[in-house]
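Colleague: sequence first, then the predicted structure, then my questions.
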Amino acid sequence: MLDTALGRLSRLLPTRDWDHRGFDLQRALTRSWRNGSREPATCYYDITKQAYCGTECPWAEVGHDPAIGAIGSVVGFGMVVSRDHHHPVLCRPLPGSLSDSVSLATTLEMLRGFGLGSITLVVDRGIVSRENVTRLVGAGHHLLGMVRGWTEETRGYATRWTEEGLERPEHVVARSHGNAAYARGFTAPLFGQPKVRVVVVSDARRRVEERQSRDLLVQELTGHPPRGRLGEIRHELGRVAVPSVGRRGFRVDPVTLGRERKLDGRFLLFHTDPTVPAAEVFRT
């Protein structure tokens with residue numbers, strides 16, 4: 001069905017190139033609503049994968065199928081929508097094997113072809129990388145996203161403030177489901193950029209859940225868990241569990257445990273525009 005629809009919207013030119021009328025239609029629609037809109041030049045971008053059970057779709061390739069959490073035949077879809085009203089800016093099929101991170105380069109080329117100059121793209125962690133940040137900034141855009149994983153640098157950023165220094169009334173921000181978090185920002189180098197707005201976010205509910213879950217595992221380990229359960233505990237404790245001689249084969253490292261407790265409930269957001277306030281980064 002997708003291939004048929006694209007075929008109806010496109011045609012083969014005498015030069016043997018495809019005239020993508022579907023993208024021409026999207027460009028015209030985007031231009032139309034932007035002319036009467038006061039929305040900021042900020043868009044959300046993400047891709048998703050859909051399982052494909054046929055045999056003829058040229059976009060179907062072996063890739064990760066999120067519906068089953070395993071590898072299968074999938075078709076990718078990339079979509080860019082506006083920040084406030086979620087107007088579609090760009091929708092495109094993608095090869096099923098293409099990763100989220102790699103998809104950004106060609107998406108930027110298409111947005112440039114749509115005449116979109118300086119915009120802010122909001123993306124998920126799967127698209128964030130040093131290479132993509134460099135690519136976006138070099139093209140005159142900004143990127144807003146979440147830091148994926150921990151390095152010594154980002155651990156230092158995330159624990160910059162104590163709970164008392166971060167969880168204060170002036171840093172509280174409302175969440176859409178009625179709860180609240182705390183967001184405090186500062187300017188620092190990140191992803192090869194000399195000045196980035198780094199925002200430390202603390203979610204008190206998440207902190208309690210993460211801490212209690214880990215403490216229960218540590219307590220269980222001090223008892224007499226069955227051998228089959230030991231492997232599960234080690235996996236769930238992650239870096240807190242270190243190799244050790246003995247019946248269990250590992251132990252809880254108190255230094256690492258203390259470091260992990262400082263990160264409970266915290267995550268890092270960033271914006272390549274260092275002038276944007278922390279609360280605005282969080283809300284966006």
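Modeller: Alright, I've got the coordinates.
Colleague: going forward, measure contacts between C-alpha atoms and count neighbours the same way
Modeller: Fine.
Colleague: state the phi and psi torsions of the residue nearest the centre of the chain.
Modeller: Geometric centre of the chain, nearest residue: Asp124, 1.7 Å, by Cα atoms, centre = their mean. The phi and psi values for Asp124, taken as degrees, to the nearest 10, are phi -90, psi 180.
Colleague: list the contacts of it.
Modeller: Taking Cα atoms under 8 Å, 6 or more residues apart in numbering as the definition of contact, the neighbours of Asp124 are 46, 145-146.
Colleague: what sits closest to Val81 if chain neighbours are left out?
Modeller: Pro88 (4.4 Å; Cα to Cα, 6 or more residues apart in numbering).
Colleague: again but with Gly78, I slipped
Modeller: Using Cα to Cα, 6+ apart and skipping the chain neighbours, the partner closest in space to Gly78 is Ile47 (4.2 Å).
Colleague: which pLDDT value goes with the one you found?
Modeller: Reported pLDDT at Ile47 in the predicted model: 89.
Colleague: helix, strand, or coil at it?
Modeller: strand (DSSP: H, G, I helix; E, B strand; the rest coil).
Colleague: contacts only, for it.
Modeller: For Ile47, the set of contacting residues under the criterion of Cα under 8 Å, 6+ apart consists of 76-79, 100.
Colleague: mind giving me the domain split of this protein?
Modeller: Here the chain is described, according to automatic domain parsing, as comprising the domains 2-115, 152-203+265-283, 205-262.
Colleague: want to throw the ones you listed into JSON lines with distance to Ala139?
Modeller: Formatted as JSON lines, the entries for the domains of the chain read as follows, by distance: least, Cα to Cα, whole Å:
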{"stretch": "domain 2-115", "distance to Ala139": "8"}
{"stretch": "domain 152-203+265-283", "distance to Ala139": "13"}
{"stretch": "domain 205-262", "distance to Ala139": "37"}
